[in-house]
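Q: here is the input, now give the coordinates:
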Amino acid sequence: MKIAVYLGSSFGNDPAYKEAAEEVGRWIAKNGHTLIYGGSGVGLMGVLADAALSEGGEVIGVEPQFFLDAGLVHDGITQTIATETMAERKVIMMDLADAYIALPGGSGTLDEISEVIVLAALGKHSKPCILYNKAGFYEPLMALYCKMRDAGFMTDEAVNLIRMVSTPEELENIL
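A: Residues are numbered from 1 along each chain as shown. All right, here's what the predicted structure looks like:
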């Protein structure tokens, strides 16, 4: 299985976020899956890739050329796919992946996981959309999705497409 992981290019301010990136990266590789991610060697993105590589995993990075030019690419990954734009990067990552996981991150992470959730709700794919809720990071987002449902902007079915986990064992049960 190819698993797209969206996450921060910085570390954040809680050591649990780094721990989440390490455990998910190791879990992906140990279970024979391929990691698809943004291709960077910095922040949580670098931690994730390093963890997967340390277990002998295949790691594919999808990185816009302007990040490559800035030297942000992880030079030890299995394959790097260069794109012209962030929008092209999202499409390629979505197309390559069999499942999507969001680890802690910022607005880019939210943009990426939101798009795959919307496409699932529209019936454009049936791939798992997972929020990795380490240290309660995604509880406010799930509360917002539930508020959107309660306000009539999302259906129960759409909210139920979003899976929230906090351990590799829970990932195993979904995937």
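Q: pLDDT-wise, which helix or strand of the protein ranks last?
A: Lowest by mean pLDDT, DSSP states H and E among the helices and strands of the chain is helix 65-69, with a mean of 92.
Q: now that helix: how far from the chain's centre is it?
A: 20 Å (C-alpha atoms, centre = their mean, to the nearest Å).
Q: enumerate the positions of that helix that are buried.
A: Neighbour-count burial for helix 65-69, counted by 16 or more other C-beta atoms under 10 Å, picks out 67, 68. Placement of C-beta: from N, CA and C, glycine included.
Q: show me what it is packed against.
A: strand 79-83 (3 or more C-beta pairs under 8 Å, 6 or more residues apart in numbering; DSSP states H and E).
Q: state the mean pLDDT of the strand it packs on.
A: For strand 79-83, mean pLDDT rounds to 97.
Q: which residues touch the helix or strand following that strand?
A: Sequence order places helix 86-96 as the next helix or strand after strand 79-83, per DSSP states H and E. With contacts defined as C-beta atoms under 8 Å, 6 or more residues apart in numbering, helix 86-96 is touched by 2, 4, 36-38, 60, 62-64, 81, 83, 100, 108, 111-112, 115-116, 119, 125.
Q: for helix 86-96, buried residues please.
A: 86, 89, 90, 92, 93, 94.
Q: equivalent analysis for stretch 141-154, please.
A: 141, 145, 149, 154.
Q: before we move on, what about stretch 53-64?
A: Quick answer for stretch 53-64 (16+ other C-beta under 10 Å): 53, 57, 58, 59, 60, 61, 62, 63, 64.
Q: go on, stretch 163-175?
A: Buried-residue list, stretch 163-175, by 16+ other C-beta under 10 Å: 163, 165, 166, 168, 171, 175.
Q: let me have these in TSV, extended by secondary structure, distance to residue 136 and pLDDT.
A: Listed next are these as TSV, based on DSSP: H, G, I helix; E, B strand; the rest coil; distance: C-beta to C-beta, whole Å; pLDDT from 0 to 100:
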residue	secondary structure	distance to residue 136	pLDDT
163	strand	16	97
165	strand	13	98
166	coil	8	96
168	helix	17	95
171	helix	17	95
175	coil	22	92
